[in-house]
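# The following comprises the amino acid sequence and a computationally predicted model.
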Amino acid sequence: MKLFWKTLPWLFVALFSAEILAVMMPKRDGEFHVREFARLPALLNGRIQPLDSVARNSLLQIRSTGDLPLEQVPSWKFWHHPKKLKATEWLLEVTARPEQADDRPLFLIHHPDLLSELKLQDKGVEKSGLRYYTFNEIRSVGQEIIEQGQRAAEVKEELRTTYQKQVAKLAHAVFLYHNLKNSLRPEVSDDFAQELTTFRKDVASLRAAARAGQTENDFDKETLHRVEEAYVHFRGMAQSGYLLNVPPSNPEVARDEWRSAGRSVMDSIGGDDFHPAVTFFAKMATAYRHHKADEFNQAVAGYQEWLAPQFAKELKKGRAEFYYNDMKAFLHAMIIYLVAFVLTGVALLSFDLSPGLSESLRRSAFYLIGLALLVHTFALVFRMVLEGRPPVTNLYSSAIFIGWGAVILGLVLERIYRIGIGNAVASLAGFVTLVIAHNLALDGDTMEMLRAVLDTNFWLATHVVVVTLGYASTFVAGLLAIIYIFLGLFTPILSQKLTQRSAAAISAVRGLAGGARAGIKTAVKLSSEVGKTEVGKALAKMVYGIVCFATLFSFTGTVLGGIWADQSWGRFWGWDPKENGALIIVLWNAVILHARWGGLVRDRGLMTMAVFGNIVTSFSWFGVNMLGIGLHAYGFMDAAFNWLMGFVGSQLLIIALGLLPLHLWASFRGRVTAPSGEKIVKGKTVPAPAGS
């Protein structure tokens with residue numbers, strides 16, 4: 001059995017490592033080389049990105065999901081994986097087979113008043129309390145949706161009602177869907193490639209007739225009609241096209257002047273031929289529409305070959321970002337964090353029943369968190385390389401970076417105090433922050449171009465990164481405090497002694513820092529001391545140390561922010577809401593330290609103050625962005641208000657639990673003196689004398 005307990009952690013690591021390797025391995029294309037098509041570059045939102053990113057972000061904006069389910073399965077059948085249409089396949093279907101795409105449950109509408117207004121109550125597909133509608137189901141009310149959306153858009157975003165927000169989002173989704181339909185070919189076209197060829201021949205014929213002295217009345221009526229009809233289609237495509245997928249003709253002069261296919265066609269009408277990219281995309285759309293895989297694959301390969309000499313950088317960017325999207329590293333890291341958190345919980349609860357099992361699960365969780373951190377770090381660095389920026393540029397990236405910093409702090413704590421608490425902090429922080437990032441990504445592109453004020457790499461790499469580490473460490477302190485309160489209330493763990501393994505770990509770490517001979521003496525001394533330390537006291541030391549760390553980083557980051565503001569806006573401090581939020585974090589952490597140093601609070605007081613630090617930090621991170629004012633406009637959002645209020649309410653409830661009398665705490669019930677110094681007399685808590 002001992003051998004099994006020693007082997008179990010490595011079995012977990014091997015299992016999840018195999019999954020990660022499988023995810024990272026290259027995958028084969030199907031009959032249609034859709035994955036190669038997905039890698040093709042385009043310009044959108046001010047940056048080069050693959051068509052896969054265009055498809056994913058468009059689908060997120062319209063449906064709030066990254067793919068399109070092809071069958072409806074009840075939520076309770078979690079073991080059944082329904083077939084799904086991947087984002088790039090959906091984009092091809094929208095652009096080449098719109099008749100089929102129009103029957104997909106795509107548009108999310110959930111506001112009851114809007115459903116009633118549009119008379120859609122008896123239509124659509126219900127999934128998890130949400131309703132999805134096909135384009136054909138809302139086609140008859142499409143004009144009304146656009147008009148209501150335009151009226152809602154006239155209202156300031158922070159003043160819109162929930163109805164106006166819903167109708168504005170729906171109108172944007174309908175508008176975006178219509179534009180996507182006309183991105184590669186006119187929506188009404190059946191064989192766009194042939195139409196381009198016919199149009200060029202017809203124009204040449206009419207020009208020849210004009211040179212021969214014929215007037216418009218003498219032109220061939222059928223030829224003239226075809227030219228006029230094609231021109232109308234091309235003009236509509238130019239007006240509606242969404243993405244800029246046609247590269248510049250002279251990249252040496254203006255490399256960023258990409259155009260939509262429709263605009264390129266219109267600009268080429270008076271010339272001798274259409275842009276090669278337009279011709280290649282027309283062949284792709286026509287071949288996909290008529291289910292001709294070989295012709296589609298040849299067009300994709302031909303376009304890649306045409307791009308390679310002059311647009312190798314864009315091709316490489318498209319391939320790299322497609323790999324990043326396809327790997328979904330943050331999703332897999334999130335899953336591993338969740339598994340590690342479950343293992344940590346079982347390890348903590350099973351310590352009294354089976355110390356061997358508990359230790360094996362604790363080590364398993366520790367190793368899995370390390371594996372998840374590697375995946376998390378790989379994705380974070382990969383994203384930085386793709387953007388060419390430091391790790392924090394918007395709210396999405398801040399969530400990823402805060403989680404990364406919190407995981408590292410948790411692992412350090414676990415390496416020192418080998419009791420599972422650090423595992424719990426690291427795994428929970430990693431999982432929750434990646435969930436937050438996932439929800440922040442539902443609005444579309446997370447690699448958007450930076451606002452001008454952020455477009456300074458030096459200050460972005462100093463102020464934003466340092467202050468975000470301050471956020472992360474403050475959250476870690478608050479999470480440790482929550483663990484302290486729940487363990488103290490419902491388990492006897494806080495009053496237990498740290499294991500000798502924990503003592504040896506602390507001895508080794510501090511011994512290395514003190515030099516060889518001094519380290520040996522320190523190790524022996526600490527080994528005897530720590531073996532007598534209770535878990536509650538150890539947690540208090542963890543929180544105190546993390547708060548010191550948080551104070552340093554939040555203060556330094558705020559000062560660096562002032563220097564940045566002075567250089568960007570001409571003033572060091574302007575009482576901007578975001579600046580005030582950062583200052584509040586610094587002040588609150590300073591208050592915690594002074595209260596501790598002055599003996600105003602002991603262990604429980606420290607914990608409740610650290611939990612309140614979660615409220616302060618969440619307001620500074622998200623709350624000030626909901627005010628809609630200030631110079632930090634790059635982070636404005638209001639969609640998470642209810643979630644923020646729910647989080648604040650949960651923290652206030654935990655603080656109330658932390659203030660319950662000690663005789664109600666399972667860890668201290670029946671004891672004469674609590675670790676905090678408070679005395680328990682006849683079942684009631686009596687404050688200890690000052691300085692005790």
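Structure's in. What do you need? Numbering: from 1, shown residues only.

# can you pull the alpha-carbon coordinates of stretch 485-499 into PDB?
This file holds the C-alpha atoms of stretch 485-499, laid out as PDB (Å, rounded to 0.1, in the frame of the first residue of the first chain):
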ATOM      1  CA  ILE A 485     -12.400  30.800   9.000                       C
ATOM      2  CA  PHE A 486     -14.000  27.800   7.500                       C
ATOM      3  CA  LEU A 487     -11.400  25.400   8.900                       C
ATOM      4  CA  GLY A 488     -11.800  27.000  12.300                       C
ATOM      5  CA  LEU A 489     -15.600  26.900  12.300                       C
ATOM      6  CA  PHE A 490     -16.200  23.400  11.000                       C
ATOM      7  CA  THR A 491     -13.100  21.300  11.600                       C
ATOM      8  CA  PRO A 492     -10.500  20.800  14.400                       C
ATOM      9  CA  ILE A 493      -7.600  21.400  12.000                       C
ATOM     10  CA  LEU A 494      -6.500  24.800  13.300                       C
ATOM     11  CA  SER A 495      -5.600  23.500  16.700                       C
ATOM     12  CA  GLN A 496      -3.600  20.600  15.300                       C
ATOM     13  CA  LYS A 497       0.200  20.800  15.300                       C
ATOM     14  CA  LEU A 498       2.200  21.100  12.100                       C
ATOM     15  CA  THR A 499       3.700  17.900  11.000                       C
END
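
# Just the residues contacting it, thanks.
Outside stretch 485-499, the residues that touch it by CB atoms under 8 Å, 6 or more residues apart in numbering are 348-349, 351, 417-419, 484, 530-536, 538-539, 607-608, 611, 654, 657-658, 660, 664-668, 671, 675. Yep, even glycine has a C-beta here, placed from its N, CA and C like the rest.

# Of these, keep whichever come out buried.
Among the contacts of stretch 485-499, the ones that count as buried by 16 or more other CB atoms under 10 Å are 348, 351, 417-419, 484, 530, 533-536, 538-539, 607-608, 611, 654, 657-658, 665, 667-668, 675.

# In helices, which of the residues you listed fall?
When DSSP state H is applied, those are split such that 348, 484, 530, 535-536, 538-539, 607-608, 611, 654, 657-658 fall in helices.

# Burial check on residue 458, number of neighbours?
Using other CB atoms under 10 Å, the number of residues around residue 458 comes to 10.

# for it, helix, strand, or coil?
helix (DSSP: H, G, I helix; E, B strand; the rest coil).

# how near is it to residue 395?
Going from residue 458 to residue 395 by CB to CB, to the nearest Å gives 22 Å.

# repeat for residue 19
Distance from residue 19 to residue 395, by CB to CB: 29 Å.

# These two - which one has more neighbours?
residue 395 (21 against 13).

# how about the helices in the stretch 101-250 of the chain?
Per DSSP state H, counting those that start in this stretch, the stretch 101-250 of the chain carries helices over the ranges 112-118, 135-138, 142-153, 162-181, 192-211, 221-240.

# Which of those helices sits closest to residue 359?
Judged by CB to CB, the one of the helices of the stretch 101-250 of the chain that comes nearest to residue 359 is helix 162-181, at 50.7 Å.

# Residue 310: helix or strand, and which one exactly?
Under the criterion of DSSP states H and E, residue 310 resides outside all helices and strands.

# Setting the sequence-adjacent residues aside, check what's closest to it.
Among residues not flanking residue 310 along the chain, residue 251 sits closest, at 5.3 Å (CB to CB, 6 or more residues apart in numbering).

# Got phi/psi on the residue of the chain most remote from its centre?
Most distant residue from the mean C-alpha position of the chain: residue 213, 64.5 Å away (CA atoms, centre = their mean). Note on residue 213: backbone dihedrals following degrees, to the nearest 10 are phi 100, psi 0.

# Quick check: it vs residue 203, distance?
18 Å.

# excluding its backbone neighbours, what's nearest residue 223?
Nearest one to residue 223, counting by CB to CB, 6+ apart, is residue 202 at 4.9 Å.

# any idea of the pLDDT on that neighbour?
Note on residue 202: pLDDT of 84.

# Quick one: the helices in the stretch 401-550 of the chain, in order.
Using DSSP H, counting those that start in this stretch, helices in the stretch 401-550 of the chain cover 421-440, 457-459, 465-490, 500-513, 516-530, 535-569.

# is it possible to export these to a markdown table including mean pLDDT and distance to residue 646?
Formatted as a markdown table, the helices of the stretch 401-550 of the chain follow (pLDDT from 0 to 100; distance: least, CB to CB, whole Å):
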| stretch | mean pLDDT | distance to residue 646 |
| --- | --- | --- |
| helix 421-440 | 92 | 13 |
| helix 457-459 | 64 | 34 |
| helix 465-490 | 91 | 15 |
| helix 500-513 | 42 | 36 |
| helix 516-530 | 43 | 39 |
| helix 535-569 | 86 | 24 |
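
# Now render those helices as a markdown table, adding distance to residue 255.
Formatted as a markdown table, these follow (distance: least, CB to CB, whole Å):
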| stretch | distance to residue 255 |
| --- | --- |
| helix 421-440 | 31 |
| helix 457-459 | 21 |
| helix 465-490 | 30 |
| helix 500-513 | 52 |
| helix 516-530 | 58 |
| helix 535-569 | 27 |
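
# name the helices or strands packed onto the helix or strand that contains residue 372?
Element membership for residue 372 (DSSP H and E) is helix 355-387. Helix 355-387 is packed against helix 2-24, helix 312-327, helix 329-349, helix 395-416, helix 421-440, with contacts defined by 3 or more CB pairs under 8 Å, 6 or more residues apart in numbering; DSSP states H and E.

# where's the last one relative to the chain centroid, distance-wise?
On the basis of CA atoms, centre = their mean, to the nearest Å, helix 421-440 sits 12 Å off its chain's mean C-alpha point.

# then it to PDB, C-alphas only?
The C-alpha trace of helix 421-440 is given here as PDB (Å, rounded to 0.1, in the frame of the first residue of the first chain):
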ATOM      1  CA  ILE A 421      -3.400  25.000   2.600                       C
ATOM      2  CA  GLY A 422      -1.100  26.300  -0.100                       C
ATOM      3  CA  ASN A 423      -2.500  23.800  -2.600                       C
ATOM      4  CA  ALA A 424      -6.000  25.000  -1.800                       C
ATOM      5  CA  VAL A 425      -5.100  28.600  -2.400                       C
ATOM      6  CA  ALA A 426      -3.200  27.900  -5.600                       C
ATOM      7  CA  SER A 427      -5.700  25.600  -7.200                       C
ATOM      8  CA  LEU A 428      -8.800  27.700  -6.200                       C
ATOM      9  CA  ALA A 429      -7.200  31.000  -7.300                       C
ATOM     10  CA  GLY A 430      -6.000  29.500 -10.600                       C
ATOM     11  CA  PHE A 431      -9.400  28.000 -11.400                       C
ATOM     12  CA  VAL A 432     -11.500  31.100 -10.300                       C
ATOM     13  CA  THR A 433      -9.400  33.600 -12.200                       C
ATOM     14  CA  LEU A 434      -9.400  31.600 -15.400                       C
ATOM     15  CA  VAL A 435     -13.200  31.200 -15.100                       C
ATOM     16  CA  ILE A 436     -13.400  35.000 -14.800                       C
ATOM     17  CA  ALA A 437     -11.100  35.400 -17.800                       C
ATOM     18  CA  HIS A 438     -13.300  33.000 -19.800                       C
ATOM     19  CA  ASN A 439     -16.400  35.100 -19.100                       C
ATOM     20  CA  LEU A 440     -14.500  38.300 -19.900                       C
END
